[in-house]
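*Asks:* sequence unknown, structure follows:
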Ligand code: AGP
């Protein structure tokens with residue numbers, strides 16, 4: 001995990017680095033630091049703080065640090081607890097080289113031992129510090145050559161930012177397995193883990209590929225492969241504005257992102273056909289099995305996708321947690337499509353499972369991601385995008401509904417290519433889908449109503465979420481949303497499975513959220529609600545407008561507009577996101593940066 005940023009140019013580097021770190025805080029936020037090259041005395045000043053970026057900002061407030069070259073880091077601890085010593089940047093013994101690192105050096109213990117034998121003393125418990133010492137140990141008149149030498153010794157995944165007093169006119173960025181981009185400005189250049197960190201200064205970006213090194217000077221950017229060969233790389237221009245990554249009048253990013261869903265769902269519907277779908281579907285129309293791998297919320301999207309793909313395209317689908325899939329003896333062949341779903345496209349479990357699958361089986365791979373140019377998108381044979389812009393809140397919201405849209409359209413198109421759905425039927429379904437953004441708009445109007453419900457249940461110790469069929473994954477997702485931001489224990493369960501165990505938990509203190517729209521399984525869900533009521537459980541139901549029976553049987557009802565059965569998941573999740581948001585904020589929790597979590601999990 002972690003986020004890194006580096007700047008070289010005409011401005012004072014400190015505010016630029018702090019701005020970049022704030023944009024990257026979603027990648028980790030347990031400690032942060034900066035390293036600045038001070039020109040006059042040609043020395044590196046390092047300042048670090050435990051806590052969030054604002055703690056570092058306050059700490060730096062009265063310090064007069066000036067310089068035009070620097071690197072910075074926001075950390076999510078892997079090796080060693082969040083302490084000042086373990087925070088980055090790490091500096092070499094003589095103070096001549098400073099580095100920031102995102103990733104894991106797998107052979108660091110071995111390297112550390114060798115360096116200790118040579119007399120090096122370690123200040124931190126991190127895997128990163130070995131790199132700083134190795135660079136100093138190997139340095140002979142050329143920093144870039146030294147970097148080439150050192151990376152030969154490193155095993156693992158890393159993105160690095162390096163500055164040195166030996167060559168104070170440059171920053172070196174290295175990418176292997178962890179994301180790194182270059183922002184190309186006028187008389188100034190930047191490196192960062194993600195695009196929002198540089199947007200204030202430039203919108204022209206180079207996405208580094210794995211095993212590439214960038215050498216940034218004030219007026220130039222050079223890219224090299226790990227083999228030493230210089231490369232020509234294209235810049236691309238980012239069209240979204242930095243304000244998209246700001247809160248835009250909402251209290252939290254999560255709230256803003258929930259309310260953006262009419263737009264992001266709409267953009268994703270229209271964006272779908274602008275992608276290279278012809279090539280994708282003609283290449284995969286003969287597959288006989290699909291394996292979906294993903295984590296967390298993306299996994300839940302995959303579970304909904306299974307229903308659609310099997311229903312319309314009649315291809316069997318398995319959905320697996322990426323972290324589980326990779327370590328079992330899975331069966332794949334050339335007729336299998338492996339579909340990796342990931343908002344960030346950087347989740348290590350998903351990426352490595354996909355890479356493993358390709359290597360071992362030759363199965364075709366398709367990535368469904370939100371972040372353009374992300375690792376997963378580049379490592380897969382095909383890619384489909386959601387069109388959400390950056391999602392900053394740790395809890396995925398708008399990207400979930402957008403993933404559902406893509407999976408729905410994917411299943412319909414695959415059905416069409418397999419001769420199972422007529423053009424006319426596709427058009428009809430597409431028309432119904434186009435109506436969903438305005439349906440979500442209606443649900444968002446219930447915000448205050450849901451807040452009132454939240455007041456009544458915010459002190460519950462546990463929650464159950466129930467759903468059936470295509471709405472069962474929505475129960476899982478509703479429970480995940482609540483637990484990750486409110487820290488209340490919550491479980492998602494198939495409603496029909498309740499009587500096989502979980503019903504024992506129900507008493508008058510247990511709120512049970514039931515996703516119960518008027519679909520083909522409605523009557524069955526109604527019986528399950530009766531079972532909860534008979535044991536005095538408190539029922540909060542999500543029901544279709546006009547459903548009077550649900551009002552009679554539930555303690556609380558959140559009504560949603562009627563849509564076609566198969567489209568309910570894109571709508572029923574919205575009130576559950578709002579419920580989780582209000583319960584968590586009423587409890588005073590930090591919903592955008594919940595404890596122990598980071599937005600993008602780039603470690604296994
Ligand atoms: C979602 O609310 C979570 N924070 C988390 O489960 C997330 O969905 C998971 O880590 C996968 O991330 P990805 O979609 O970027 O791969």
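*Replies:* Perfect, thanks for sending it. Keep in mind that this is a model prediction, so the values were computed, not measured.
*Asks:* nearest spatial neighbour of residue 38, skipping sequence neighbours?
*Replies:* Among residues not flanking residue 38 along the chain, residue 67 sits closest, at 5.1 Å (C-beta to C-beta, 6 or more residues apart in numbering). Any C-beta I mention is one placed from the backbone N, CA and C, and that applies to glycine too.
*Asks:* got the contact list for that neighbour?
*Replies:* 12-14, 36-39, 45 (C-beta atoms under 8 Å, 6 or more residues apart in numbering).
*Asks:* Looking at the stretch 201-350 of the chain, which residue is nearest the ligand?
*Replies:* Residue of the stretch 201-350 of the chain nearest the ligand, by C-beta to the nearest ligand atom: residue 296 (1.8 Å).
*Asks:* just checking, that residue touches residue 480?
*Replies:* Yes. Counting by C-beta atoms under 8 Å, residue 480 is a contact partner of residue 296 at 6.7 Å.
*Asks:* thinking again about what came up before, quick one: buried ones out of the contacts of residue 67?
*Replies:* With burial judged by 16 or more other C-beta atoms under 10 Å, the buried subset of the contacts of residue 67 is 13-14, 36-38, 45.
*Asks:* wait, what's in contact with residue 456?
*Replies:* By C-beta under 8 Å, 6+ apart, the contact set of residue 456 is residue 556.
*Asks:* ok now the host helix or strand of it, how far from the chain's centre?
*Replies:* Per DSSP states H and E: residue 456 is located in helix 447-457. Its chain's C-alpha centre and that of helix 447-457 lie 28 Å apart, by C-alpha atoms, centre = their mean, to the nearest Å.
*Asks:* what's the nearest residue to residue 386 if we skip its chain neighbours?
*Replies:* Closest residue to residue 386 apart from its sequence neighbours, by C-beta to C-beta, 6+ apart: residue 402 at 3.6 Å.
*Asks:* and the one you found, what does it touch?
*Replies:* 264-265, 267-268, 370, 386-388.
*Asks:* which residues in the stretch 451-600 of the chain form helices?
*Replies:* Assigned by DSSP state H, counting those that start in this stretch, the stretch 451-600 of the chain shows helices spanning 472-486, 522-534, 548-553, 568-586.
*Asks:* Please name whichever of those is nearest to residue 87.
*Replies:* With C-beta to C-beta as the measure, helix 472-486 is the member of these nearest residue 87 (24.9 Å).
*Asks:* For that closest one, name the packing helices and strands.
*Replies:* Counting contacts by 3 or more C-beta pairs under 8 Å, 6 or more residues apart in numbering; DSSP states H and E, helix 472-486 packs against helix 296-308, strand 462-467, strand 489-494, strand 511-515, helix 568-586.
*Asks:* which of those is buried the deepest?
*Replies:* Neighbour counts (mean count of other C-beta atoms under 10 Å) averaged over each of these peak at strand 511-515, with a mean of 28.
*Asks:* Identify the residues contacting that strand?
*Replies:* By C-beta under 8 Å, 6+ apart, the surrounding residues in contact with strand 511-515 are 457, 460, 463-468, 471, 474-475, 478, 495, 506, 525, 528-529, 532, 537-542, 554, 572, 576, 579.
*Asks:* change it to 6 Å
*Replies:* 457, 460, 463-467, 471, 474-475, 529, 532, 537-542, 572 (C-beta atoms under 6 Å, 6 or more residues apart in numbering).
*Asks:* from what I can see residue 170 touches residue 217, true?
*Replies:* Yes. Using C-beta atoms under 6 Å, residue 170 is in contact with residue 217, at 5.2 Å.
*Asks:* Look at these two and report which has more neighbours.
*Replies:* Neighbour count, other C-beta atoms under 10 Å: between residue 170 and residue 217, residue 170 has more, with 22 against 15.
*Asks:* Quickly list the domain ranges of this structure.
*Replies:* Domain segmentation of the chain under automatic domain parsing yields 3-244, 246-434, 444-604.
*Asks:* check contacts around residue 175.
*Replies:* Taking C-beta under 6 Å, 6+ apart, we find residue 175 in contact with 159, 208, 212.
*Asks:* Out of the residues you listed, name the ones that lie in strands.
*Replies:* 159, 212 (DSSP state E).
*Asks:* and the contacts of residue 175 as TSV, adding pLDDT, neighbour count and distance to the ligand?
*Replies:* Shown next, in TSV, are the contacts of residue 175 (pLDDT from 0 to 100; neighbours: other C-beta atoms under 10 Å; distance: C-beta to the nearest ligand atom, whole Å):
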residue	pLDDT	neighbour count	distance to the ligand
159	95	26	17
208	94	22	19
212	97	20	22
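*Asks:* Report the beta-bridge partner residues of residue 43.
*Replies:* residue 38 (DSSP bridges).
*Asks:* quick one: it and residue 56, what's the gap?
*Replies:* To residue 56, residue 43 is 20 Å away according to C-beta to C-beta, to the nearest Å.
*Asks:* neighbour-wise, which of these two wins?
*Replies:* More crowded of residue 43 and residue 56, by other C-beta under 10 Å: residue 56, with 25 against 14.
*Asks:* Now do the contacts for that one.
*Replies:* Applying C-beta under 6 Å, 6+ apart to residue 56 gives the contacts 32, 49.
*Asks:* is it fair to say residue 83 lies in a strand?
*Replies:* No. Counting by DSSP: H, G, I helix; E, B strand; the rest coil, residue 83 is not found in a strand; it is coil.
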